[in-house]
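S.K.: what follows is a predicted protein model with its sequence.
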Amino acid sequence: MAAAMETVESLVAHIQALTKPEDVAQLHSLLKQSQSDEALRSQGPHLAPLLADLDPAKHSLGYLYLLDTYLSSSISREQVAAFLPSIARFLNTCSAYHIRFASDKFISVCRCFKDQVMRQQTPIQGIIPLRSAVQKLQNSSEQLTTLHSDFLLLCLLAKCYKPSLCILENDIFEAENPKDLFLFYYYGGMIYIGLKRFSKALECLHNVFTSPMANLNAIAIEAYKKYILVSLIHSGQVPPFPKYTSATAQRNLKNYAQAYLDLTTAYATGKHSEIEACIQQHIEKFQSDNNLGLVKQVLSSLSKRNIQRLTQTYLTLSLQDISNSVQLNGSKEAELHVLHMIQDGEIHATINQKDGMVIFHEDPEEYKTCQMVNQMDLSIQRLMSLSKKLTAIDEHISCDPAYLTKIGRERTRYEFDDFDSVPPKYL
Amino acid sequence: MASSSSSGITFKLHPLVIVNISDHYTRLKAQTLHSGESSSCAPPSNGGTAGSALSAPPRVFGCVIGVQRGRTVEIFNSFELLFDSKTHTLDRAFLEKKQELYKKVFPTFYILGWYSTGSDVEEADMLIHRSLMDINENPIYVLLNPAIIHSQKDLPISIYETELHVIDGNPQLIFVKSSYNIETVEAERISVDHVAHLKPSDGGSAATQLAAHLTGIHSAIKMLNSRVRVLHQYLVAMQRGEIPLDNSLLRQVLSLLRRLPAIESEKFQDEFLMEFNDTLLMTYLAMFTNCTGTMNDVVEKFNIAYDRHSRRGGRTAFI
């Protein structure tokens, strides 16, 4: 026992000694070695006071190893709860360079942290530490890690959406685990719905069910249901499956979302009564999916859609006429609706209160400001970098043996006297 | 044979003359090449002579005409002459007939001299030169070097006069080179510009024309940019004290800057930004289309490669 304590203390001494960047590799091998022998692990529960000696910012790697051993050993929930602030401090102040040496340990520490926070029902505590953890773990802003989805889950549970935006707004180009990707985009879509940014929500949910998948999974089904509802709210119709949706998704998704597709057909008629009837019919389904709130929003979006349709026909219209054609109760309500829509930027109009007329305008954007120039410049730059990435992917796939095999097989079946640019070994 | 002329006469050459000479040479070269090829298909006994005819490019000859006012000689036009290689003389009768005709249209023009092609002055040229001396006491000899040397930036044209020099106790006429300037009339500038931008026949489609137009603008802007940068560096060095102050240059730069901006008004800003944004939008659209095309390709290939149940039957294009 004493010997074990001694090895641990010597280890701690080592950690404190090797702080320079060149020593990190050495420290890492030392730690890995100590991990394998039992001494450290048996001492797990007693490591807490030792951890207090180490500084998380300078000795990040050592701290991480000890922390991981401590947390994975058999300690009680209260001990973990008491340790929570130190973990939070560690996550906020650790050095990214160090922890990338032992990313799986880092992930398990964060997992433990998240579980504890969720158990305590205070998810808001974990948001900032996890966000800094995510930013430290990823190699670049385009990489998706396992922690992304945990972080978004915490934000959702805490109903605290603002901190997640900086993570959500990055375009993801690399992902290791498909489940992470699905969860990330599903939670991301839900966050955007909470923020009422429906177009971005559509993008995220779209990414979930159009991802390549061999077998259908529950996340994709849920995402598809929400996607139908959000696209009804946003644009009034559900677009068909794009070309890049996997065949599995195309064939099977619709079977699980029958209630929602009925809602779509009811919405297309444009009558309140139809939609309400449809909702009543499937209300248990909607409730069990936790989508009732969204469904109610679909209903209220119907009037918005009808008002928007009016802007395409009329230049001016009285409030009374609006309420009649959109089936609202009186001009007061119509005025309220139009006012909200003008504020949200969904239509351009002016309300003349004296005679109760609404005048619809064209989009006043004249594209002659410097800000517009900057905006366009940014978009063009973004497109150019995207285009470069796409050409790289294109070349990559063209050389892929799986692709060449399929192409070669089909070609020999149908085209005999064409030049054979596929080497025979792929046939 | 050549040293610089000390006669003090300024020569002004019009581009029409240069185009004429080069056109004459190119025509003759094309004709002899063609006839050389057809004669080489003849019995092989002639092959040797035909081959030798091909190797030496033909020399063309002609007359240059223009106006001489005081010490300035302005060469406006030229016409071709036939050269009799046996007697080494130019066709006199033709020359006089042509001279009469030209006199009727351009009464002020005189025969100022003659032209030929080649890389340097030759001995035989002196004979031709002397023969023209009875028309003009001091004829000029315009020589065009048809060899295309890409590194050479100047025009391959030289103007020679004759001077009486005493060599070995004998007074001899030798050719001396003179400097000249290029003078253009507005009409000539347009035609030279047009000739300079001639593209090969398959560049007639709108896309290549647009690309050529934009390339021209791009190189012009690049040149402007580099010149401004040179000026800027110079001024910065002057400010730092590395180069002694040059007040006359500074005054020139100041007057240039005072002339900018050319237009400054709100309406101009609006219009300018609108047009700028329109062009940006078009670029954006072009990039979008490009990107969408690539994306489409990627998706197709991905579907073929990885989707287990991709559609069979029917040809898929090998992209």
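M.R.: Structure received. Please read these numbers as outputs of a predicted model, since none were measured by experiment.

S.K.: centre of the chain versus stretch A:127-144, how much separation?
M.R.: Relative to its parent chain, stretch A:127-144 has a centroid offset of 13 Å by CA atoms, centre = their mean, to the nearest Å.

S.K.: and the residue nearest to B:V67 when sequence neighbours are not counted, which of the three is it?
M.R.: In space, and not counting its chain neighbours, B:V67 is closest to B:E74: 5.1 Å by CB to CB, 6 or more residues apart in numbering or on different chains. Heads up, the C-betas are built off the backbone N, CA and C, glycines and all. What DSSP: H, G, I helix; E, B strand; the rest coil gives for B:E74 is strand.

S.K.: quick one: residues contacting B:E74.
M.R.: Listed by CB atoms under 8 Å, 6 or more residues apart in numbering or on different chains, the contact set of B:E74 reads B:F11, B:K12, B:H14, B:G66, B:V67, B:Q68, B:E183.

S.K.: which strand residues sit across from it in the sheet?
M.R.: B:K12, B:V67 (DSSP bridges).

S.K.: can you list the buried residues in the helix or strand harbouring B:V176?
M.R.: According to DSSP states H and E, B:V176 maps onto strand B:170-178. Using 16 or more other CB atoms under 10 Å in any protein chain shown as the test for burial, strand B:170-178 gives B:I174, B:F175, B:V176, B:K177, B:S178.

S.K.: what's the first helix or strand after it?
M.R.: strand B:180-182.

S.K.: pull out the buried residues from the helix or strand just after that following strand.
M.R.: Remark: after strand B:180-182, the chain's next helix or strand is helix B:186-196, criterion DSSP H and E. Across helix B:186-196, burial judged by 16+ other CB under 10 Å covers B:E188, B:V192.

S.K.: I'd like the next helix or strand past helix B:186-196.
M.R.: Next in line after helix B:186-196, if elements are assigned by DSSP H and E, sits helix B:206-240.

S.K.: so which elements touch that following helix?
M.R.: helix B:247-259 (3 or more CB pairs under 8 Å, 6 or more residues apart in numbering or on different chains; DSSP states H and E).

S.K.: for the helix it packs on, name the packing helices and strands.
M.R.: helix B:206-240.

S.K.: between the helix it packs on and helix B:247-259, how big is the angle?
M.R.: Angle between the axes of helix B:206-240 and helix B:247-259 is 130 degrees (criterion: axes from the mean of the first three to the mean of the last three CA atoms, to 10 degrees).

S.K.: from the middle of its chain, how far away would helix B:206-240 be?
M.R.: 22 Å.

S.K.: and it, what's buried?
M.R.: Under 16+ other CB under 10 Å, the buried positions of helix B:206-240 are B:M238.

S.K.: can you tell me the average pLDDT over it?
M.R.: Helix B:206-240 shows a mean pLDDT of 88.

S.K.: point out where chain A drops to low pLDDT.
M.R.: A:1-6, A:19-21, A:36-45, A:74, A:410-427 (pLDDT under 70).

S.K.: in it, what residue lies closest to chain B?
M.R.: A:Y403 (3.6 Å; CB to the nearest CB).

S.K.: hang on, that residue packs against B:E300?
M.R.: No: counting by CB atoms under 8 Å, A:Y403 stays clear of B:E300, with 10.0 Å between them.

S.K.: that older thread, any idea how far B:V17 is from the residue nearest to B:V67?
M.R.: Using CB to CB, to the nearest Å, B:E74 is found at 10 Å from B:V17.

S.K.: contact partners for B:F302?
M.R.: A:P212, A:Y244, A:I397.

S.K.: tell me what the longest helix that chain A contains is packed against?
M.R.: Counting residues, the longest helix found in chain A (DSSP state H) is helix A:370-398. Contacts defined by 3+ CB pairs under 8 Å, 6+ apart place helix A:370-398 against helix B:266-306.

S.K.: just how off-centre is the helix it packs on within its chain?
M.R.: Distance of helix B:266-306 from the chain centroid (CA atoms, centre = their mean) equals 39 Å.

S.K.: and for stretch B:171-185?
M.R.: 20 Å.

S.K.: how near is B:D23 to B:F61?
M.R.: For B:D23, the distance to B:F61 - CB to CB - is 14 Å.

S.K.: those two: which is more packed in?
M.R.: B:F61 (20 against 13; other CB atoms under 10 Å in any protein chain shown).

S.K.: spit out the contact partners of the closest residue in space to the more buried one that isn't next to it in sequence.
M.R.: With sequence-adjacent residues excluded and distances taken as CB to CB, 6+ apart, B:F61 is closest to B:F83, at 4.3 Å. By CB under 8 Å, 6+ apart, the residues touching B:F83 are B:R59, B:F61, B:T89, B:L90, B:D91.
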